[in-house]
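J.: the sequence and its predicted three-dimensional model are supplied below.
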Amino acid sequence: MRSIFLIVFIFITCVLPSSAQEITMYKTFGGVRFERDTTVLSLKMVREILRENPLAFEEFNKAKVNYNVAGILGFTGGLLIALPLTTSIVGGNPEWAFAAAGAGLVLASIQFNRMFKSRALNSLDIFNGKVATSRVKPKIYFNGSGAKLIVKF
């Protein structure tokens with residue numbers, strides 16, 4: 001009985017700290033939130049943690065570039081949309097081409113934001129040791145006398 005207790009104790013002390021140190025990313029409306037042990041992390045903090053793994057750090061740096069480009073395009077697009085709207089409210093003759101160009105920049109920033117989320121998730125998978133060759137994740141579950149296959153994309 002003591003040997004079983006010792007094996008379970010060693011398993012718990014070895015496995016739980018390693019799984020508790022995972023960084024998770026939650027997608028929110030218009031952004032992401034990083035957490036480690038229920039502690040919310042900023043982008044800078046995640047970047048410092050990922051320095052331990054060079055491959056994950058490099059992938060996160062690429063994601064950060066996409067994040068910066070998305071921010072610049074979104075801010076510039078918002079300004080270009082606001083310019084003709086304020087001119088129209090004040091009573092002047094607005095240039096609606098600026099608003100159209102701003103809308104195009106905002107749409108482009110959405111794509112860069114999506115690329116950021118994808119690369120950041122990939123870098124966290126590398127860091128957490130979940131390197132996968134594809135996004136398809138099949139899992140087999142056995143229950144009673146049967147089994148079921150679940151495929152997640």
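T.: Sure thing, it's come through.
J.: burial measure for the nearest residue to residue 55 once chain neighbours are set aside, as a count.
T.: Spatial nearest neighbour of residue 55, excluding adjacent residues (Cβ to Cβ, 6 or more residues apart in numbering): residue 126 at 5.5 Å. To be clear about C-beta, it is placed using only N, CA and C from the backbone, and glycine gets the same treatment. For residue 126, the tally of surrounding residues (other Cβ atoms under 10 Å) stands at 20.
J.: in the one helix or strand residue 126 maps to, what counts as buried?
T.: Using DSSP states H and E, residue 126 falls within helix 96-127. Using 16 or more other Cβ atoms under 10 Å as the burial criterion, the residues of helix 96-127 that qualify are 98-99, 102, 105-106, 108-109, 112-113, 115-117, 119-124, 126-127.
J.: just checking, what packs against it?
T.: strand 23-28, strand 31-36, helix 54-90 (3 or more Cβ pairs under 8 Å, 6 or more residues apart in numbering; DSSP states H and E).
J.: give me the sheet partners of the first one and which way each runs.
T.: To tie it back to what came earlier, the one meant is strand 23-28. Strand pairing for strand 23-28, using DSSP bridges, gives strand 31-36 (antiparallel).
J.: now do the helix or strand just after the partner strand: which elements does it pack against?
T.: Next in sequence after strand 31-36, counting helices and strands by DSSP H and E, comes strand 39-41. Secondary-structure packing of strand 39-41 (3+ Cβ pairs under 8 Å, 6+ apart): strand 31-36.
J.: show residues contacting the strand it packs on.
T.: Strand 31-36 is contacted by residues 21-26, 40-43, 45-46, 49, 113, 116-117, 120, 124 when judged by Cβ atoms under 8 Å, 6 or more residues apart in numbering.
J.: which residues touch the residue most central in space within the chain?
T.: The centre of the chain sits closest to residue 117, judged by Cα atoms, centre = their mean, with a distance of 3.8 Å. Residue 117 makes contact with 25, 27, 32, according to Cβ under 8 Å, 6+ apart.
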